[in-house]
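Visitor: Predicted structure and sequence below. I'll ask about it afterward.
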Amino acid sequence: MTETDRTNSQLARLFEQMAAALDLLGKNAFRVNASARVARVIRDQADQIANVIARAREEDTKPLAVLKAIDGIGKGSAEKIIEYVDTGTIAEHTELMEQVPAGLFDVLEIPGLGPKTVRLMWEQLSITCVADLKGKLDSEELAALPRMGKKTIDNIRQAITFAEESAGRTPLGIARPIALALVEHLKSVSGVTRAEYAGSLRRGCETIGDIDILVACTDPEAVREAFCTQSRAVQVLARGETKCSIRIRFEHATMQADLRIVPQEAFGAALMYFTGSKDHNVRLREVAIGNGMRLNEYGLFTTTDERPQDAGIKPTAAQTEQDVFAALGLEWIPPEMREDRGEVKACAEGMGVPHLITRGDIKAELHAHTDASDGKQSLEELVASAQKRGYHTLAVTDHSVSSVIANGLDPKRLRRHIKRVRALNEKTEGITILAGSEVDIHPDGRLDYDDDLLAELDVVVASPHVSLRQDRAAATRRLLAAVTHPRVHILGHPTGRIINGRAGLDPDLNELFAAAAEHGTALEINSSWKRLDLRDTHVRAAVQDFGCLIAIDTDAHSDGHFENIEYGILTARRAWLEPESCINTWAAGKLHDWLAGKRESSRR
Ligand SMILES: [Zn+2]
Ligand SMILES: [Zn+2]
């Protein structure tokens with residue numbers, strides 16, 4: 001990531017907003033499409049546009065000419081890009097934003113609502129925000145708008161409920177880089193002995209409210225100053241002795257971050273307290289009380305008095321989490337398990353903490369795309385990405401023919417692709433490259449290729465991509481057809497949900513997990529932080545109650561995506577997953593035998 005403030009993603013966002021505003025204002029389609037295309041082109045640039053312009057000027061070339069040479073950027077757009085890089089704004093963008101009520105962009109985000117419909121709502125019903133729309137859901141005037149059947153209105157209602165439930169929560173994959181950068185920044189301040197993030201982020205939750213950071217240090221004022229005045233802070237909400245709050249911007253996300261300065265000798269107790277969850281902490285306090293002790297953020301005390309620290313009593317354990325857990329008579333419980341889902345009881349009863357999977361256990365990537373479909377990397381680059389991570393196996397799983405937008409492969413192209421993969425595997429040392437496919441599961445459960453073609457593949461990942469609002473019975477039939485199909489190895493992103501975006505399929509999980517276990521089909525944890533699908537609680541049920549196998553894959557479309565494995569691992573740890581249940585941790589021989597075995601048995 002470059003340190004320039006005016007990033008491609010911010011610039012692309014402005015063009016996206018202009019496209020949406022032009023559309024809402026009923027301007028001609030050509031202008032709308034041109035803005036939308038420029039946004040896409042900017043997002044796809046490997047170089048930061050601001051750097052490209054700076055370089056052009058250093059070399060005495062006209063930035064305008066350099067930008068116009070990029071496919072999809074015309075003169076007008078190039079001028080706006082330069083305006084943005086030079087001034088931080090685009091006048092036309094500012095003008096357009098003044099003409100469209102800000103709340104209308106939220107209405108436009110509701111799945112199933114296009115700009116034409118939203119414009120009609122605005123013009124005819126004076127709807128300018130989601131709350132307005134919500135107030136009119138049962139009105140006849142809304143039902144009277146063109147293309148506004150009962151089903152559409154039901155869908156809108158569902159989408160609004162879903163958006164309300166996820167409001168204010170930031171996806172893990174956006175929050176974690178912000179927190180890591182903050183912690184790094186604070187660690188560089190002199191006198192800081194410890195800096196850690198706590199809260200739902202440390203527990204690896206899929207969405208995060210605020211970022212909580214704990215610091216132990218010898219110079220609190222230096223830490224407060226560094227925290228409140230850093231370049232990414234857009235607002236200081238509070239600046240107290242031991243607690244400061246700021247709003248922080250990163251790319252185009254903003255979040256609240258809270259800093260707490262805690263004594264070094266009580267750091268462990270504070271870290272436990274602020275990591276939570278609240279319910280987990282309640283259980284731990286019960287254990288303490290049961291032992292005649294008191295636990296709070298200052299430590300574990302051998303008295304049941306409230307606030308013993310105020311009476312000058314010193315804790316018996318406080319400096320590290322390990323000390324506190326040990327003094328409670330418990331093993332250290334990994335943060336991802338601290339959800340009051342039986343972890344304290346399991347630990348107290350001596351069953352011991354499970355040996356949770358770690359990133360280092362992952363030895364294979366079994367779901368990844370190349371530029372043959374919608375990936376950014378060539379086949380060779382993808383292989384290099386997997387080798388760089390020390391994997392012994394990579395499955396190349398480009399999209400199948402129905403995924404038109406993703407440039408899915410028709411049978412002829414797939415056969416050529418298989419040949420290329422096998423040829424590259426022949427001449428590549430140190431890694432096994434498998435020919436696979438991410439095959440669409442049609443709404444009725446059929447797969448996108450016939451059985452003969454599927455039989456030519458080493459790995460078949462079957463995934464749902466369309467019709468993700470099917471009713472439960474249809475969704476169950478559809479996914480059952482896939483997991484019981486003899487040539488399917490992995491069910492990819494089983495529900496198709498998008499975090500903060502759409503709920504996805506809601507199949508009968510008991511039926512699905514029982515069938516997956518019976519047929520030896522692995523269920524995926526898709527590590528993309530937008531998906532994390534299956535989710536933690538479902539993975540735990542699949543493995544503990546049904547004995548299912550799990551695949552943790554990144555669904556990589558670029559080299560950077562390989563790093564998303566962190567999010568898949570966090571989700572797996574929240575599911576108490578141990579390495580043996582995850583096929584990506586298996587030694588090469590065992591994994592290859594399992595893949596081939598499934599294929600052999602399907603030929604009988
Ligand atoms: Zn997919
Ligand atoms: Zn995929």
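Guide: Cool, the structure landed. Ligands and ions are numbered 1, 2, ... in the order given.

Visitor: Relative to Arg6, how far out is Ala12?
Guide: 11 Å (Cβ to Cβ, to the nearest Å). C-beta: built from backbone N, CA, C; applies to glycine.

Visitor: Now do the strands in the stretch 51-200 of the chain.
Guide: 170-171, 192-197 (DSSP state E, counting those that start in this stretch).

Visitor: Packed most tightly, which of those strands would that be?
Guide: Among the strands of the stretch 51-200 of the chain, ranked by average contacts under mean count of other Cβ atoms under 10 Å, first place goes to strand 170-171 (a mean of 22).

Visitor: Compare neighbour counts for Ala12 and Arg6 and give me the winner.
Guide: Comparing Ala12 with Arg6 by other Cβ atoms under 10 Å, the one with more neighbours is Ala12, at 20 against 16.

Visitor: residue contacts, whichever residue of the stretch 101-250 of the chain sits closest to ligand 2?
Guide: Residue nearest to ligand 2 within the stretch 101-250 of the chain (Cβ to the ion): Gly173, separated by 16.3 Å. By Cβ atoms under 8 Å, 6 or more residues apart in numbering, the residues touching Gly173 are 528-530, 564, 567.

Visitor: make it 7 Å
Guide: 529, 567 (Cβ atoms under 7 Å, 6 or more residues apart in numbering).

Visitor: likewise the one 4 residues further on?
Guide: Under the criterion of Cβ under 7 Å, 6+ apart, the contact partners of Pro177 comprise Phe250.

Visitor: go on, Leu595?
Guide: 458-459, 489.

Visitor: between these, which is nearest Gly299?
Guide: For the contacts of Leu595, the minimum distance to Gly299 (Cβ to Cβ) is 50.2 Å, reached by His489.

Visitor: looking at the protein, which residue lies furthest from center?
Guide: Ala311 (45.9 Å; Cα atoms, centre = their mean).

Visitor: how many other residues sit next to the residue nearest to Asp553 when sequence neighbours are not counted?
Guide: Closest residue in space to Asp553, ignoring its immediate chain neighbours: His367 at 3.6 Å, by Cβ to Cβ, 6 or more residues apart in numbering. The number of residues packed around His367, counting by other Cβ under 10 Å, is 25.

Visitor: and if you look at Pro335?
Guide: Residues near Pro335, counting by other Cβ under 10 Å: 24.

Visitor: My read is that it contacts Arg202, right?
Guide: Yes. Using Cβ atoms under 7 Å, Pro335 makes contact with Arg202 at a distance of 4.7 Å.

Visitor: what residues do those two have in common as contacts?
Guide: Residues touching both Pro335 and Arg202 by Cβ under 7 Å, 6+ apart: Thr275.

Visitor: Show me the chain divided up by domain.
Guide: 8-166, 170-261, 275-348, 359-603 (automatic domain parsing).

Visitor: Roughly how far does the closest residue to His392 other than its chain neighbours sit from Gly430?
Guide: Of all residues beyond its chain neighbours, the one nearest His392 is Ala588 (4.4 Å), with distances taken as Cβ to Cβ, 6+ apart. Ala588 sits 11 Å away from Gly430, going by Cβ to Cβ.

Visitor: Would you mind telling me which of the two has the busier surroundings?
Guide: Neighbour tally, Ala588 and Gly430, criterion other Cβ under 10 Å: the higher count belongs to Ala588, 14 against 8.

Visitor: mean confidence for stretch 435-451?
Guide: Mean pLDDT, computed over stretch 435-451, is 97.

Visitor: quick revisit: which residues touch the residue nearest to Asp553?
Guide: 395, 397, 438, 461, 490, 492, 524, 553, 555.

Visitor: quick one: the second one is in a strand?
Guide: Yes. For Thr397, which was evaluated using DSSP: H, G, I helix; E, B strand; the rest coil, the result is membership in a strand.

Visitor: wait, doesn't Leu591 sit right on Leu394?
Guide: No. In this structure, Leu591 is not within contact of Leu394 by Cβ under 7 Å, at 11.5 Å.

Visitor: Near ligand 2, which residues of the stretch 351-500 of the chain? Just list them.
Guide: Glu438 (Cβ under 5 Å from the ion).

Visitor: How about the most centrally placed residue in the chain: what's its closest non-neighbour residue?
Guide: By Cα atoms, centre = their mean, the chain has its centre lying nearest to Trp529, at 1.1 Å. Using Cβ to Cβ, 6+ apart and skipping the chain neighbours, the partner closest in space to Trp529 is Gly173 (2.6 Å).

Visitor: Report the separation between the one you found and Leu453.
Guide: 34 Å.

Visitor: before we move on, back to that, which of the contacts of His367 sits closest to Ala515?
Guide: The closest of these, once distances to Ala515 are taken by Cβ to Cβ, is Ile490, at 14.1 Å.

Visitor: is it true that that closest one touches Ile525?
Guide: No. Using Cβ under 7 Å, Ile490 makes no contact with Ile525, being 10.5 Å away.

Visitor: Spell out which helix or strand contains Val234, please.
Guide: strand 233-239 (DSSP states H and E).

Visitor: how about the residues of the chain near ligand 2?
Guide: Counting by Cβ under 5 Å from the ion, the chain sits next to ligand 2 at 438, 555.

Visitor: quick one: low-confidence parts of the chain?
Guide: Across the chain, the ranges flagged by pLDDT under 70 are 1-5, 166-167, 251-252, 599-604.

Visitor: what about 80?
Guide: For the chain, applying pLDDT under 80 flags the ranges 1-6, 46, 111-112, 162-168, 250-254, 348-351, 405, 598-604.

Visitor: rewinding a little: list the contacts for the residue nearest to His392?
Guide: Per Cβ under 7 Å, 6+ apart, neighbours of Ala588: 392-393, 432.

Visitor: so who does the residue in the stretch 451-600 of the chain that ligand 2 sits nearest to touch?
Guide: Closest contact between the stretch 451-600 of the chain and ligand 2, by Cβ to the ion, is at Asp555 (4.1 Å). With contact set as Cβ under 7 Å, 6+ apart, Asp555 has these partners: 367, 526, 528.

Visitor: same thing with Asp106?
Guide: 129-130 are the contacts of Asp106 under Cβ under 7 Å, 6+ apart.

Visitor: distance of it from Leu96?
Guide: From Asp106 to Leu96 the distance is 16 Å (Cβ to Cβ).

Visitor: again with Val483
Guide: Distance from Val483 to Leu96, by Cβ to Cβ: 48 Å.

Visitor: For these two, indicate the residue with more neighbours.
Guide: Val483 (26 against 21).

Visitor: Hmm, the more buried one is touching Ala514, no?
Guide: No. Taking contacts as Cβ under 7 Å, Val483 lies outside contact range of Ala514: 9.7 Å.

Visitor: Which secondary structure elements does the helix or strand hosting Ala12 sit against?
Guide: Assigned by DSSP H and E, Ala12 falls within helix 8-24. Using 3 or more Cβ pairs under 7 Å, 6 or more residues apart in numbering; DSSP states H and E, the elements in contact with helix 8-24 are helix 29-44, helix 75-87, helix 91-99, helix 103-108, helix 115-125.

Visitor: Just the buried residues of the third one, please?
Guide: Okay, so that is helix 91-99. Counting neighbours by 16 or more other Cβ atoms under 10 Å, one finds that the buried residues in helix 91-99 are 92-93, 96-97.

Visitor: So which residues make contact with that helix?
Guide: Taking Cβ under 7 Å, 6+ apart as the rule, helix 91-99 contacts 14, 17-18, 21-22, 25, 80.

Visitor: what helix or strand is the residue of the stretch 401-550 of the chain found nearest ligand 2 on?
Guide: Nearest residue of the stretch 401-550 of the chain to ligand 2: Glu438, at 4.5 Å (Cβ to the ion). If you go by DSSP H and E, Glu438 is part of strand 432-440.

Visitor: strands paired with that strand, and their directions?
Guide: Next to strand 432-440 in the sheet, as set by DSSP bridges, lie strand 393-399 (parallel), strand 459-463 (parallel).

Visitor: after that strand, next one along is what?
Guide: Defined by DSSP H and E, the subsequent element after strand 432-440 is helix 451-455.

Visitor: Cheers, nothing more for now.
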